[in-house]
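Asker: this is a predicted model, with the sequence first.
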Amino acid sequence: MVTSYCNFHKKPLFFHIIFTKHIILLTKILILDKGEIMKLKKLLATTIAVSTITGLSYAQETCLSESPVSISKIEKELKPLLGNAKPVSVSTSPIENIYEVILEVNGRKIPVYIDCSLNYLITGEIIDVKHKKNITRERVIQLKKEEAKEKAKKVSVELKKFLGAEKVEQLKNIVGEIGLANFSLVDVKNIPSKKAIVYGNKNSNLTIIVITDPECPFCKRLHNSIKEVLKDKNVKFQLIMYPLPFHKYAQGLSEAVVCQNSNEKSKKLLDEIFENQANKEKLKEISEKYKCQEGKDIIETHKEFAENVKVGGTPTMIFIIKEGKGLKISGAYPSEKLKQIIDVIK
């Protein structure tokens, strides 16, 4: 099962080129209409003219050996350029005389390309024009699945120590084997209690911390699931506001929610915000109307808690499975799946 959440580390996608011994021009190939083809012709004409003026020339080079290049050789040649990136595999690519190199950066694997002479290192996308396939993107998806599967295996071992093998198997049946990659055990300390926003039974034996952003569309999805779950489940959901910096009104909206003078009023306002999430004028109005200094201070404690449990995006739930220990689950789950997870953990 694939779940979604607003990623704190969301960044725009760029295409790069890194120079080793020579200069190379990298062009992204797209499927174009007639108007775009004319624009592309003009761009290429300009590129050729610039190349002529600057006196650049490109020599045809071929691999002299049939033997595949080794990872150690790649690492040695590119060490000054790689920083904290580490080559973990090298293989042939769909383009003759170009190798695919998988780099591991901060635990994530990404494909780059290098020619057989090790003169040109290229980062970008290979697109199969004939078959209309983005080969690089497909490779990235494959690598992510492999990473998730590997992580899920490790998570499964850890969870068995706290939940037992039977419950872990039940969770696997609910979310799928790869779905366990969204689970992790965390130490839970100093849960913010001042102006706590609680949905459900505050005296329930099961507390679920929900780290949410009022402007995150996936948080809205989970919020609706929570309200459905509470129709027939006796649990406590305690909300922690974690406004993400790329959501324009999230900070002000979060402050507005905790500035209310009762739990019921906080819930009512948060419900209103999620219901009107697409109405940016409404969000702006609410974010400016109810802010207070106390709210700002409270949101800072909420952010500190979220960062301490290493939240990478919203929504994130933490099931308190015993004192000081929680099961962290990332992503927005539909109500039926969430009910099943609760039944296993409770």
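Answerer: Nice, thanks for sending it over. Source: prediction; values computed, not measured. Residues are numbered from 1 along each chain as shown.
Asker: contacts, neighbours, all on C-alpha from now
Answerer: Fine.
Asker: how about stretch 285-293: buried residues?
Answerer: For stretch 285-293, the neighbour count (16 or more other CA atoms under 10 Å) marks 286-287, 290-291 as buried.
Asker: okay, and which of those residues map to helices?
Answerer: Per DSSP state H, helices hold the following members of those: 286-287.
Asker: so which of the buried residues of stretch 285-293 sits lowest on pLDDT?
Answerer: Model confidence across those bottoms out at residue 291, which has 82.
Asker: how about it, nearest residue that isn't a chain neighbour?
Answerer: Residue nearest to residue 291 in three dimensions, not counting chain neighbours: residue 256, with 4.8 Å by CA to CA, 6 or more residues apart in numbering.
Asker: would you agree the one you found is in contact with residue 284?
Answerer: No - using CA atoms under 8 Å, residue 256 makes no contact with residue 284, being 11.1 Å away.
Asker: pick out whichever of the two has more residues nearby.
Answerer: More crowded of residue 256 and residue 284, by other CA atoms under 10 Å: residue 256, with 22 against 15.
Asker: what's that one in contact with, if anything?
Answerer: For residue 256, the contact set (CA atoms under 8 Å, 6 or more residues apart in numbering) comprises 286-287, 289-292, 295.
Asker: same question for residue 199.
Answerer: With CA under 8 Å, 6+ apart, residue 199 has these contacts: 236-238, 267.
Asker: ok, 6 Å please
Answerer: Contact partners of residue 199, counting by CA atoms under 6 Å, 6 or more residues apart in numbering, are residue 237.
Asker: follow-up on the earlier one: including distance to residue 247, could the buried residues of stretch 285-293 go into TSV?
Answerer: Shown next, in TSV, are those (distance: CA to CA, whole Å):
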residue	distance to residue 247
286	14
287	12
290	18
291	17
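Asker: one step back: against residue 112, how distant is the residue nearest to residue 291?
Answerer: With the distance defined as CA to CA, to the nearest Å, residue 256 ends up 46 Å from residue 112.
Asker: follow-up on the earlier one: ok, which pair from the buried residues of stretch 285-293 is furthest apart?
Answerer: 286 and 291 (8.5 Å; CA to CA).
Asker: find the nearest non-adjacent residue to residue 323, please.
Answerer: Distances taken as CA to CA, 6+ apart put residue 188 closest to residue 323, at 8.0 Å, once the chain neighbours are dropped.
Asker: returning to that earlier point: turn the contacts of residue 256 into a markdown table, columns for distance to residue 106.
Answerer: Shown next, in a markdown table, are the contacts of residue 256 (distance: CA to CA, whole Å):
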| residue | distance to residue 106 |
| --- | --- |
| 286 | 39 |
| 287 | 36 |
| 289 | 41 |
| 290 | 40 |
| 291 | 38 |
| 292 | 39 |
| 295 | 35 |
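Asker: avg pLDDT for stretch 96-114?
Answerer: Confidence over stretch 96-114 (mean pLDDT, whole number) is 88.
Asker: circling back: nearest to residue 118 among the buried residues of stretch 285-293?
Answerer: Nearest member of the buried residues of stretch 285-293 to residue 118, counting by CA to CA, is residue 287, at 54.3 Å.
Asker: what's near enough to touch that closest one?
Answerer: Listed by CA under 6 Å, 6+ apart, the contact set of residue 287 reads 252-253.
Asker: roughly how far does it sit from residue 314?
Answerer: 19 Å.
Asker: same question for residue 207.
Answerer: 18 Å.
Asker: which of these two has more neighbours?
Answerer: residue 314 (29 against 22).
Asker: quick check: the gap between the more buried one and residue 215.
Answerer: According to CA to CA, residue 314 stands 10 Å off from residue 215.
Asker: domains of the protein?
Answerer: 6-131, 188-345 (automatic domain parsing).
Asker: count of neighbours near residue 78?
Answerer: 17.
Asker: tell me which helix or strand it sits in.
Answerer: helix 71-82 (DSSP states H and E).
Asker: and the next helix or strand after that helix, what's buried?
Answerer: On the C-terminal side of helix 71-82, the nearest following helix or strand under DSSP H and E is strand 86-92. Using 16+ other CA under 10 Å as the test for burial, strand 86-92 gives 86-87, 90, 92.
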